[in-house]
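# Give me the fold of what follows.
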Amino acid sequence: MTVMAVEAISQRDLRLRSKDIMDAVERGLTYTVTRDGRPMGQLIPLRRRFVTREQFAAAVRGAAGVDLARFRADQESSLEPLMDDPYER
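Model prediction:
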């Protein structure tokens, strides 16, 4: 999806033509919403990028391993020392 030129629309236009405007945003158009001629915000398309399982695996292949003992120690050190065990009876 490529982003098209920015078009200025008034707050009233947004209210009256919201379906058409949102459809255009979905197609890649970006709008600057104005109030009394002053820019107030922008409507921009979200970038959704889906990756396959293989792409994800390739991306994390070089990631550092997790030391489980150290991870558990970090978790336990951050717990409240006076927490009660709900299963202790």
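
# following the one helix or strand residue 55 maps to, which helix or strand shows up next?
Using DSSP states H and E, the element containing residue 55 is helix 53-60. Later in the chain than helix 53-60, the nearest helix or strand by DSSP H and E is helix 68-78.

# Dump that following helix to CSV, restricted to CA.
C-alpha atoms of helix 68-78 as CSV (Å, rounded to 0.1, in the frame of the first residue of the first chain):
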residue,chain,number,x,y,z
LEU,A,68,16.1,-19.7,32.4
ALA,A,69,17.7,-19.9,35.9
ARG,A,70,18.6,-16.2,35.7
PHE,A,71,15.2,-15.3,34.3
ARG,A,72,13.5,-17.1,37.2
ALA,A,73,15.8,-15.4,39.7
ASP,A,74,15.0,-12.0,38.2
GLN,A,75,11.3,-12.7,38.5
GLU,A,76,11.5,-13.8,42.1
SER,A,77,13.7,-10.8,43.1
SER,A,78,11.0,-8.5,41.8
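
# pLDDT averaged over that helix - what is it?
On average, the pLDDT along helix 68-78 is 88.

# On the three-state scheme, residue 42 is what?
What DSSP: H, G, I helix; E, B strand; the rest coil gives for residue 42 is strand.

# Output the below-cut-off pLDDT ranges for this structure.
Counting by pLDDT under 70, the low-confidence segments of the chain come to 1-5, 80-84, 89.

# quick one on the thing from earlier: pull out the buried positions in the helix holding residue 55.
Buried residues in helix 53-60, counting neighbours by 16 or more other Cβ atoms under 10 Å, are absent. From N, CA and C alone the C-beta is placed, and that goes for glycine too.

# tell me what it is packed against?
Using 3 or more Cβ pairs under 8 Å, 6 or more residues apart in numbering; DSSP states H and E as the contact test, no helix or strand touches helix 53-60.
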